[in-house]
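1. the sequence isn't on hand, but the structure is:
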């Protein structure tokens, strides 16, 4: 009987701790579904632009994984010029403003990284060093580098590729770029 109050106090502390935890969880920030986050479609591999205005997802279209872009402000789909017909797609990645969409696509029996410049409408194929197959990719927010996971002899490694000679920077809106001569 001497142990009974200790057990009772332990249970009370556990109950108070549980109640406080539930209370804190209930007081957290409220979440809601953003436009473009459709609940009725099978979507995978989400990527969002750095400014939070463009969403890329992989959707099943007629049995083929296809990248889809959506403007989250208007909840409207965004057109892509060069990626239709080169499915399956995987590993989408967006630059800061969503100007550049990097994605892995299939050409014949080879996997290839492609970057579509949505401003100019140009497609830029990116071949990894050693002609290895890309597994996953991630474009830098400014579009100047691409991290690419490749498969080589049953092992995976990551290559970082410099895109500065191929792509203009995609800088956050309102960011002024100064040259060394202009710096005070």
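-> Cool, the structure landed. On a predicted model such as this, the values are computed, not experimentally measured, just so you know.
2. let me see the contact set for residue 124.
-> Going by C-beta atoms under 8 Å, 6 or more residues apart in numbering, residue 124 touches 114-117, 163, 166-167. (C-beta placed from N, C-alpha, C; glycine too.)
3. most neighbours among these, which one?
-> The most crowded member of the contacts of residue 124, judged by other C-beta atoms under 10 Å, is residue 115 (24 neighbours).
4. surely that residue touches residue 161?
-> No - Residue 115 lies out of contact with residue 161 (C-beta atoms under 8 Å); the separation is 10.4 Å.
5. what do those two both touch?
-> 126, 146.
6. ok, the spatially most central residue of the chain - contacts?
-> Nearest to the geometric centre of the chain sits residue 47, at 2.4 Å (C-alpha atoms, centre = their mean). Residue 47 makes contact with 55-57, 92-94 under the criterion C-beta under 8 Å, 6+ apart.
7. for residue 131, what are phi and psi?
-> phi 60, psi 30 (degrees, to the nearest 10).
8. I meant residue 150, not that one.
-> phi -120, psi 160.
9. bridged to it, which residues?
-> residue 134, residue 157 (DSSP bridges).
10. going forward, the N-terminal residue is numbered 41.
-> Sounds good: first residue 41 from here, last item residue 190.
11. so which residues of the protein form strands?
-> 83-88, 94-101, 104-111, 116-118, 130-134, 140-147, 150-157, 163-166, 173-179, 185-192, 195-202 (DSSP state E).
12. and residue 145, how far from residue 168?
-> Going from residue 145 to residue 168 by C-beta to C-beta, to the nearest Å gives 14 Å.
13. those two: which is more packed in?
-> Shown here are residue 145 and residue 168; by other C-beta under 10 Å, residue 145 has more neighbours (24 against 21).
14. how about the strands of the chain, which one is nearest residue 211?
-> strand 140-147 (11.9 Å; C-beta to C-beta).
15. what touches both of residue 145 and residue 168?
-> residue 153.
16. my guess is residue 196 contacts residue 189, does it?
-> Yes - the pair residue 196 / residue 189 is scored as a contact, 5.7 Å apart, by C-beta under 8 Å.
17. for this protein, what are the low-confidence residue spans?
-> 41-81, 125, 213-224 (pLDDT under 70).
18. repeat the analysis, applying 90 as the threshold.
-> For the chain, residues meeting the criterion pLDDT under 90 lie at 41-85, 100-104, 106, 120-129, 146-151, 161, 167-173, 191-195, 211-224.
19. what residues of stretch 112-119 count as buried?
-> residue 112 (16 or more other C-beta atoms under 10 Å).
20. residue 134 against residue 88, yeah?
-> Yes - counting by C-beta under 8 Å, residue 88 is a contact partner of residue 134 at 6.8 Å.
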